[in-house]
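J.: dropping the sequence and predicted coords here.
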Amino acid sequence: MSPELANKIAAGEVVQRPASVVKELLDNAIDAGATRIVVRLDAAGKERIQVEDNGCGMSPVDLQLCLEAHATSKIKAVEDLQSISTLGFRGEAMASIASVSHMEVRSQRLGDEIGHRLVVHGGQQMTFEPAAVEPGTRVQVDQLFYNVPARKRFMRTDATELKNALQVVQQSALAHPEVHIECFANGEPVYQLPAVDSYVDRAVALFGSSFRASLIPVHEEAGLLRVKGVISDPKLTKKTRGDQFFFVNRRPIQHKILMYHVLKVYEPWTQGREFPFFALFLEMNPEDVDVNVHPAKLEVKFSDERSVQRLVASVVRKTLNQALGVPNMNPQEWQGEQGEEGREARSSFGGGSLSGGGSSSGGGSLSSNPMANFEKGLQSFGYSTLKGSAGKAISDTVYGTQEPQQGQTVAALDSNAKNFWQLHRQYILSHTRSGLCMIDQYLAHRRILFDRAMEDSQRALPSSQQLLFAQTIELSASDFELVKELEPELVRMGFSVDLLSGRSVMLSGVPADLTQGGEKSILQEVLDQFRELDHKQGFSRIEKVAIAYAVHAAIPRGKLLTMKEMEALMDQLFACQDPWHDPLGRQIVQMWSMEDLSSYFS
């Protein structure tokens, strides 16, 4: 196998898309001790990626060696793999990137009189010469995958590739708030992030000032493991994933079990249907974690997986409870998951109590019903519960212990008097000439809204309701870029969106079908859902926007409907072209004949 072919094969693992290149170059800049990094992307990185830093730079000899396969100065012996402290260490990224692009590297060490310039095309050195450059290193990657057309064809749209590249910049910026980072897309500034002292300040700079009021700093230490970072209160959530970050020794990782444990802490508030923001940094001895278990270094393996998982959940729970005024859980009174977490994690990582910098002492015992404490936290943040007289009235009416009053929902009315009934606030039942029909109210409304949105998109003047007061919304960098790309489709759907300076947009109109009160959140939800749909085949861009809108504007499961509302929903559903399936193909209607029903009792 020729070196050229070997490098291209290696590039298939290391360089999957422009974001992969951005990650490797940012890792190298940070490992070089840079305090200022500038990232430039043209055509979402497909045409050009440039990363410039003020790090230690390279000597002429190291500059030529850096593009050789497995050339690295970060490890020297097998034993070094047991205690890796740098982000990069394999020495294969630069050679792999150079083999599938046109690459230029300029570098000069601090104190050297002159730097050097190296040009490589498809892995072949073209130029190596002295050059006047600033101390540090600048790597420019042009025409990525120019010699691997199959890989180039599989790249996504510019919006998707830019989103992925910006996520990499986000991760590096979150992990290194002490580094000044700038990012430009097609010459336009996306991020201007001066060095700051805290994770909270960096998160606000990345995601917008609206985050600040909901962010809670985390700083806990238990023996040899330290957990730092920032989490959000339960009000700062989204209906899609994406704003959850884990880092181990400042290396971004993916860890499904850690994710599960942290989201489980939020379940009393989110019911598992929404996702909070958090960025958690685990600091431990490098010998206690193996970072060499994944081709892209996205996964790690801990020496004691269970203790790490339990300790992280314990820290998040304690920090969140203290911020919400919920008493800490006492292991003597509740010998469940929390007590085991604390005891096992502390013993595994050298003992000591969870003492948090910047956290209140908290303390106190827990009531015998842990949910009572969480409900207190819910109420302190404005969330209602089904306790008290209102909740009792709903329960008594639905389950038949209270006489229904005029105007109450159909769930409480005499079923013989009406043609529709609501089951568990999710399904609509109706008898037909031949049997029984059951309809999922959420999926039905999704189909109705999708069809209306597609009809509106074909009109010269789509149906839109103008807001009495226009809403100014601050977006993340990737969301702002997506709004710019989707603006024609959003307008055809009935949105009136004006791009403002920075990363803000003004929303002055929304689709006419949108219920009152959801105007400010709908745009963000449509953007999040569009990304979830981006990988799906068989839909045009306008159809994906329409689906994203319908998914989040439809009446939710759990909403009580009046008889008139159910009648209107049924009429509108069966006026659709395909009333049997929602836009994503999920079944809306289930029918049973009298013969089917009789068979259950035979």
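T.: It's in. Numbers count the residues shown, from 1 in each chain.

J.: give me the contact list for the helix or strand hosting L118.
T.: Following DSSP states H and E, one finds L118 within strand 115-121. Residues from elsewhere that reach strand 115-121 (CB atoms under 8 Å, 6 or more residues apart in numbering): 57, 60, 63-64, 67, 98, 102-109, 125-135. Backbone N, C-alpha and C define where each C-beta goes, glycine included.

J.: could you look up the SS state of G509?
T.: strand (DSSP: H, G, I helix; E, B strand; the rest coil).

J.: distance of the spatially closest residue to it that is not a sequence neighbour from V510?
T.: Setting aside the residues directly before and after it, G509 is nearest to S496 in space (CB to CB, 6 or more residues apart in numbering), at 3.1 Å. Separation of S496 from V510 (CB to CB, to the nearest Å) stands at 8 Å.

J.: between these two, which contacts overlap?
T.: Counting by CB under 8 Å, 6+ apart, the residues touching both S496 and V510 are S464.

J.: of the two, who's got more company?
T.: Taking neighbours as other CB atoms under 10 Å, S496 and V510 compare with V510 leading, 26 against 16.

J.: and the more buried one, what pLDDT?
T.: Predicted confidence (pLDDT) for V510: 89.

J.: wait, it touches S464, no?
T.: Yes: V510 lies in contact with S464 (CB atoms under 8 Å); the separation is 6.9 Å.

J.: okay, and the common contacts of these two?
T.: By CB under 8 Å, 6+ apart, the residues touching both V510 and S464 are 494-496.

J.: let's have the residues you listed in CSV, adding secondary structure.
T.: Below are the shared contacts of V510 and S464 laid out as CSV (three-state DSSP):
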residue, secondary structure
G494, coil
F495, coil
S496, strand
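
J.: which one of those residues sits closest to S20?
T.: F495 (33.5 Å; CB to CB).

J.: which strands or helices does the longest strand belonging to the chain pack on?
T.: Taking DSSP state E as the criterion, the chain has its longest strand at strand 464-474. Applying 3 or more CB pairs under 8 Å, 6 or more residues apart in numbering; DSSP states H and E, one finds that strand 464-474 contacts strand 504-511, helix 519-533.

J.: least reliable of these going by mean pLDDT?
T.: helix 519-533 (a mean of 85).

J.: buried residues in that helix?
T.: For helix 519-533, the neighbour count (16 or more other CB atoms under 10 Å) marks 519, 522-533 as buried.

J.: stretch 218-226 too?
T.: Those would be 218-223, 225-226, for stretch 218-226 by 16+ other CB under 10 Å.

J.: just the terminal-to-terminal distance for it.
T.: Stretch 218-226 has an end-to-end distance of 10 Å (criterion: CA to CA, to the nearest Å).

J.: now stretch 219-234
T.: Stretch 219-234: ends 19 Å apart by CA to CA.

J.: how many residues are close by R433?
T.: Residues near R433, counting by other CB under 10 Å: 5.

J.: now do I49
T.: So I49, with other CB under 10 Å, has 26 neighbours.

J.: all numbers from here: first residue = 318
T.: Got it, the first residue is 318 from now on, which makes the last one we talked about I366.

J.: just say helix, strand or coil for it.
T.: From three-state DSSP, the assignment for I366 is strand.

J.: which SSE is E538 in?
T.: Per DSSP H and E: strand 532-539 holds E538.

J.: picking that back up, the residue nearest to G826 and R776, how far apart?
T.: 15 Å.

J.: rewinding a little: farthest pair within the buried residues of stretch 535-543?
T.: V535 and G540 (16.9 Å).

J.: give me the neighbour count for L575.
T.: Neighbours of L575 (other CB under 10 Å): 21.

J.: any figure for the gap between it and L491?
T.: 16 Å.

J.: tell me who's in contact with H419.
T.: With CB under 8 Å, 6+ apart, H419 has these contacts: 436-439, 458-460, 463.

J.: and which of these is nearest S515?
T.: V458 (32.9 Å).

J.: okay, that closest one: pLDDT?
T.: Confidence score, pLDDT, at V458: 97.

J.: ok, now Q894?
T.: So Q894 comes in at 87 (pLDDT).

J.: for L803, see how far away the closest residue to it other than its chain neighbours is.
T.: Using CB to CB, 6+ apart and skipping residues adjacent in sequence, the residue nearest Q894 is D768, 6.7 Å away. Distance, D768 to L803, by CB to CB: 20 Å.

J.: quickly list what I745 is bridged to.
T.: Q739, I756 (DSSP bridges).

J.: what residues does it make contact with?
T.: Contacts of I745 by CB under 8 Å, 6+ apart are 737-739, 755-756, 758, 761, 878, 883, 886-887.

J.: okay but the residue nearest to G826 is in contact with S780, surely?
T.: No: using CB under 8 Å, S813 makes no contact with S780, being 12.0 Å away.

J.: how about G559: what's its closest non-neighbour residue?
T.: D845 (6.9 Å).

J.: related to what we said a few turns ago, which one of the buried residues of helix 836-850 is nearest G350?
T.: Nearest to G350 among the buried residues of helix 836-850, counting by CB to CB, is R848 at 34.6 Å.

J.: the residue nearest to Q894 contacts C893, correct?
T.: Yes: the criterion here is CB under 8 Å, and D768 meets it with C893 at 4.9 Å.

J.: since we're on Q442, how many residues are nearby?
T.: 12.

J.: report all helices and strands that the helix or strand containing it contacts.
T.: In this structure, Q442 sits in strand 441-448 according to DSSP H and E. Packing contacts for strand 441-448, counted by 3+ CB pairs under 8 Å, 6+ apart, involve helix 377-382, strand 432-438.

J.: pull the CA atoms of the longest one into CSV?
T.: It stands for strand 432-438. Output in CSV follows, covering the C-alpha atoms of strand 432-438 (Å, rounded to 0.1, in the frame of the first residue of the first chain):
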residue,chain,number,x,y,z
GLY,A,432,9.4,31.9,9.8
HIS,A,433,8.8,29.4,7.1
ARG,A,434,6.0,28.4,4.6
LEU,A,435,5.1,24.9,3.6
VAL,A,436,2.7,24.1,0.7
VAL,A,437,1.3,20.6,0.2
HIS,A,438,-1.2,19.4,-2.5
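
J.: and the angle for it with strand 441-448?
T.: Per axes from the mean of the first three to the mean of the last three CA atoms, to 10 degrees, the angle that strand 432-438 makes with strand 441-448 is 160 degrees.

J.: quickly run through the sheet partners of strand 432-438, with directions.
T.: Counting by DSSP bridges, strand 432-438 is paired with strand 419-425 (antiparallel), strand 441-448 (antiparallel).
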